[in-house]
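**Student:** One predicted model, sequence on top.
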Amino acid sequence: MSRTDPIIDSDFPGGNIVVDAVDGDLISLHQDLRDTFVNWFYWYFRIRGAAGRTLEFRFTASDAIGVRGPAVSVDDGRHWSWLGAEAVQGQSFTFTFPPQADSVHFSFTIPYLEAHLQTFLARFSRHPNLRIGTLCRTKRGRDVEMLHLGHLDGSPDHRVLLIGRHHACEAIATYSMEGMLEAVLTQTGPGAWLREHVEFLVIPFMDKDGVEEGDQGKRRRPYDHWEDYGEGSIYPTVQAVKKRVPPWSEGKLRFILDFHCPAIRGGSHERIHFVGGPDRDNWRRVERFCAILEQTRTGPLPYRVNNNLAYGDEWNVDYGPRQTSERWGEALPEVLASSVVEIPYANVDGEMVTPESARAFGWDLATALHQFLAEPKI
């Protein structure tokens, strides 16, 4: 390495990159699939020593740049923006480093890691309607955060389970989960009713190791966390959820929502949608919730019920012998609605996805949940 070569690394939470070559102003690199057995697209790296230069980054493996280009941060990951499709040509993007930018972060998506969750929780650390605990420890020894919020004293009318990051790379959806939690804990909006009537159990990071280590998390060998809800679960977080949730429910668990992001681009992958299972009664009630969401949505990200993927549509077909999270939820007798919501990484029907817009969609989810639970049972 010459003195003028920039320093490229992924040695930080969520980092993921393999550098193939540095040739002047051209850097060839690719995402690290690790134990993912399909071509997936997550990457996140840092570059130092390039202030004032214009560099080209060329991805040498499969499709890895999203519809709005890479996410970029010039302040060590504190604030992010999309570089834009105009900076992209094929599987390359070009970036001119500001003269004072000693360290710049690039990622396929805007990250959401444990540090982001801790920043959010610190805002509400004294809130009487929030309890912070630990679900379990991961195989690599990390604590998995478990949150209880809402009606915590006595017996609530309803219970709700929110889970996320079964696939570690699907970060932007966690901003929507955060927005939903914020709505529950805020004095204005739907929070007052939800705190009075509903207890929430929230697991933000089902694949906590993958989130912090920068794994794809999708289609792991032998299978990923989302597919681990049948007999003989292999992941400690899934084992703990299956053990803890039924007795916690006390027959009052009404709603389960699993937060995901879809694939890289095109069609349903650029539309917010809910994913249906084979249980027709469950799907009917999910779509009732979705109708309320469409009617009451006020945030910038569009949503329409007819964007949903019913069982049998597109990729949403028989998954084989593995049981997924929402199908496990469908089988719990007290549950009215169990589903996956897919929140695109960067673009929703032409609207830009940012942490702010994703959080606003979380508020929309909370508003719809209030109305869904308050109306007569269907």
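**Tutor:** Right, received. Where do you want to start? Just so we're clear, the structure is a prediction, and the values are computed from it rather than from any experiment. Residues are numbered from 1 along each chain as shown.

**Student:** How many residues are close by residue 51?
**Tutor:** By the criterion of other Cβ atoms under 10 Å, residue 51 has 14 neighbours. The way it works is simple: take the backbone N, C-alpha and C, and place the C-beta from them, glycine included.

**Student:** Does it touch residue 95 like I think?
**Tutor:** No - between residue 51 and residue 95 there is no contact under Cβ atoms under 8 Å: 11.8 Å.

**Student:** all helices of the stretch 51-200 of the chain, in order?
**Tutor:** Counting by DSSP state H, counting those that start in this stretch, residue ranges of the helices within the stretch 51-200 of the chain are 114-123, 172-185, 191-197.

**Student:** where does this protein dip in pLDDT?
**Tutor:** 1-3, 377-378 (pLDDT under 70).

**Student:** Please parse it into its domains.
**Tutor:** Annotated domains of the chain cover 7-107, 114-374 [automatic domain parsing].

**Student:** re earlier: tell me which of the helices of the stretch 51-200 of the chain sits nearest to residue 82.
**Tutor:** Residue 82 sits nearest to helix 172-185 of all the helices of the stretch 51-200 of the chain, at 11.2 Å, using Cβ to Cβ.

**Student:** now the angle from that closest one to helix 114-123?
**Tutor:** Orientation check (axes from the mean of the first three to the mean of the last three Cα atoms, to 10 degrees): helix 172-185 against helix 114-123 gives 10 degrees.

**Student:** Can you name every helix or strand that helix 172-185 contacts?
**Tutor:** Here helix 172-185 touches helix 114-123, strand 143-150, strand 158-164, helix 191-197, strand 198-203, strand 253-260, strand 337-342, helix 355-374, going by 3 or more Cβ pairs under 8 Å, 6 or more residues apart in numbering; DSSP states H and E.

**Student:** hmm, try it at 6 Å
**Tutor:** With contacts taken as 3 or more Cβ pairs under 6 Å, 6 or more residues apart in numbering; DSSP states H and E, helix 172-185 sits against helix 191-197, strand 253-260, helix 355-374.

**Student:** Of the ones you listed, flag the one that's most buried.
**Tutor:** strand 253-260 (a mean of 24; mean count of other Cβ atoms under 10 Å).

**Student:** Could I get the contacting residues of residue 26?
**Tutor:** residue 56 (Cβ atoms under 6 Å, 6 or more residues apart in numbering).

**Student:** does residue 294 really touch residue 305, like I thought?
**Tutor:** Yes - proximity of residue 294 to residue 305 meets the contact threshold set by Cβ atoms under 6 Å, at 5.3 Å.

**Student:** who's in contact with residue 105?
**Tutor:** When contacts are counted by Cβ under 6 Å, 6+ apart, residue 105 touches 46, 73, 77.

**Student:** Most neighbours among the residues you listed, which one?
**Tutor:** residue 77 (22 neighbours).

**Student:** For residue 96, see how far away that residue is.
**Tutor:** Look at residue 77 and residue 96: by Cβ to Cβ, to the nearest Å, they are 20 Å apart.

**Student:** With respect to residue 360, which of the contacts of residue 105 is nearest?
**Tutor:** residue 73 (21.0 Å).

**Student:** And that closest one, how far from residue 107?
**Tutor:** 8 Å.

**Student:** for residue 327, same thing?
**Tutor:** Taken as Cβ to Cβ, the span from residue 327 to residue 107 is 31 Å.

**Student:** neighbour-wise, which of those two wins?
**Tutor:** Set side by side, residue 327 and residue 107 show more neighbours around residue 107, with 25 against 18, by other Cβ under 10 Å.

**Student:** wait, doesn't the more buried one sit right on residue 44?
**Tutor:** Yes - between residue 107 and residue 44 there is a contact at 4.0 Å, judged by Cβ under 6 Å.
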